[in-house]
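J.: how does the following fold in three dimensions:
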Amino acid sequence: MRPSSDSRTALVNRHAREPLTAARAVAQYVPKALPPEDWAPVADFARAVAVDVHPSDDRRAVEAMRTLSQFLVWVHREGLPLDREQVFTPDVVSRYIQVGCAHLAEASRATRRSDLRRFGTAVTSKAPWEPPEERLRANQRIVPYSADEVARLLEVSTLQRTPLQRRRMQSLLALGLGAGLYPREIWHVTTDSLVERHGHLCLATPGRQARTIPISPPHDRTLQHIREADPGSMLLGFVAADWDRSRLSRLMQNIELPPDCPALRPSRLRVTWVKEHLEHGVHLGALAQIAGVASWKIFGHVMPFMAPRPEDEVFASMVRR
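T.: Purely as a prediction, here's the structure:
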């Protein structure tokens, strides 16, 4: 006769038949690559964080737990307290990627960095994570800074408490308002990128859209001063890895912006630069080439904000009089 199952066996069989949900995947997860004595002190903390990042299914729950387990065991070994606001910060995560993930390929480090950044923004309220940039829909625009906003940004840059803070903010403004660099380009230019062309200080940008850009005043003087004071350095006075998704946040973390100062966005600086040149009558085709545009979208952002010209001047210009 076949023995009947007792209640414990029935319970195990019932659990085996139940689908694995995200919550159960988190609760049951045990890392195979970590010693039990390392995992035990952080297990409950890791599971609580994983629940709060709301993985959508069991696979993503396991991926989240795998990332969290490795990160939190490293954090615990470093002697840091298991406190969300102290653990999930840009500095701690960046150090973990650089030190604790040195054995991983760059693509894997980038993925882990992105995941931890996402977790950090979800489970902290005080840690200085940079807000993610919104994806632009068809009806959304990047708004240029007004003249008053530009003046306030320049004023605030002179009021920073340390020379390094002043340099970082002033050089960021100069690269955006004076040279119109793409946000991704500002991290790669050095004092050696500054060149003379036709009697003007220019910036030679590297990469796929290499070009030479004349630097608008007064920003040419800012960058010239940096070249004279610190030759051979990054113009920002800051070195960031390509895979670092919070490099702007880390650059800005000690820069003080008062409440009446607009938020500092490289994309808005670039659009403001385009607007200024169009309003000064720079040839559209030449500006597009110097701006390194891949499409005409940026001009669509600018047009609604350009200062109108008197109709008689426009008509006279169009009939060449």
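
J.: and the protein, what are its domains?
T.: Listed domain ranges for the chain are 22-123, 147-312 (source: automatic domain parsing).

J.: can I get those domains in CSV with mean neighbour count and distance to Arg320?
T.: In short, each C-beta sits where N, CA and C put it, glycine included. CSV is the format used below for the domains of the chain (neighbours: other C-beta atoms under 10 Å; distance: least, C-beta to C-beta, whole Å):
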stretch, mean neighbour count, distance to Arg320
domain 22-123, 17, 54
domain 147-312, 16, 14
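
J.: redo those domains as TSV? Include mean pLDDT and distance to Met318.
T.: Formatted as TSV, the domains of the chain follow (pLDDT from 0 to 100; distance: least, C-beta to C-beta, whole Å):
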stretch	mean pLDDT	distance to Met318
domain 22-123	91	50
domain 147-312	91	11
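
J.: any idea which of the ones you listed gets closest to Trp129?
T.: Of all these, it is domain 22-123 that lies closest to Trp129, at 4.7 Å by C-beta to C-beta.

J.: would CSV of the domains of the chain with distance to Val319 be doable?
T.: Listed next are these as CSV, based on distance: least, C-beta to C-beta, whole Å:
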stretch, distance to Val319
domain 22-123, 56
domain 147-312, 11
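
J.: quick one: the strands in the protein, in order.
T.: Applying DSSP state E to the chain gives strands spanning 194-197, 200-205, 211-214.

J.: between those, which one is nearest to Val53?
T.: Among the strands of the chain, the nearest to Val53 by C-beta to C-beta is strand 200-205 (37.7 Å).

J.: in its sheet, what does the closest one sit against?
T.: strand 194-197 (antiparallel), strand 211-214 (antiparallel) (DSSP bridges).

J.: contacting residues for Leu194?
T.: Residues near Leu194 by C-beta atoms under 8 Å, 6 or more residues apart in numbering: 201-204, 223-224, 227.

J.: in CSV: the residues you listed, plus distance to Gln253.
T.: CSV is the format used below for those (distance: C-beta to C-beta, whole Å):
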residue, distance to Gln253
Leu201, 30
Cys202, 31
Leu203, 26
Ala204, 29
Leu223, 23
Gln224, 27
Arg227, 25
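
J.: of all those, which comes closest to Ser125?
T.: Nearest to Ser125 among those, counting by C-beta to C-beta, is Leu223 at 37.4 Å.

J.: show me what contacts that closest one?
T.: Contacts here follow C-beta under 8 Å, 6+ apart; on that basis Leu223 touches 171, 174-175, 178, 194, 201, 203, 215, 235.

J.: measure it to Ala286 for me?
T.: Separation of Leu223 from Ala286 (C-beta to C-beta, to the nearest Å): 22 Å.

J.: same thing with Gly176?
T.: Distance, Gly176 to Ala286, using C-beta to C-beta: 20 Å.

J.: could you dump the top helix by length along the chain to PDB, C-alpha only?
T.: Using DSSP state H to assign secondary structure, the helix with the most residues in the chain is helix 58-77. These are the backbone C-alpha positions of helix 58-77, laid out as PDB (Å, rounded to 0.1, in the frame of the first residue of the first chain):
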ATOM      1  CA  ASP A  58      10.400  36.800  -9.900                       C
ATOM      2  CA  ARG A  59      13.200  37.000 -12.400                       C
ATOM      3  CA  ARG A  60      13.800  40.700 -11.600                       C
ATOM      4  CA  ALA A  61      13.400  40.000  -7.900                       C
ATOM      5  CA  VAL A  62      16.300  37.500  -8.100                       C
ATOM      6  CA  GLU A  63      18.400  39.900 -10.100                       C
ATOM      7  CA  ALA A  64      17.800  42.600  -7.500                       C
ATOM      8  CA  MET A  65      18.700  40.300  -4.700                       C
ATOM      9  CA  ARG A  66      21.900  39.100  -6.500                       C
ATOM     10  CA  THR A  67      23.000  42.800  -6.800                       C
ATOM     11  CA  LEU A  68      22.000  43.800  -3.300                       C
ATOM     12  CA  SER A  69      23.600  40.700  -1.700                       C
ATOM     13  CA  GLN A  70      27.000  41.400  -3.200                       C
ATOM     14  CA  PHE A  71      26.800  45.100  -2.500                       C
ATOM     15  CA  LEU A  72      25.600  44.900   1.100                       C
ATOM     16  CA  VAL A  73      28.100  42.200   2.100                       C
ATOM     17  CA  TRP A  74      30.900  44.500   0.800                       C
ATOM     18  CA  VAL A  75      29.300  47.400   2.700                       C
ATOM     19  CA  HIS A  76      29.200  45.300   5.900                       C
ATOM     20  CA  ARG A  77      32.800  44.300   5.500                       C
END
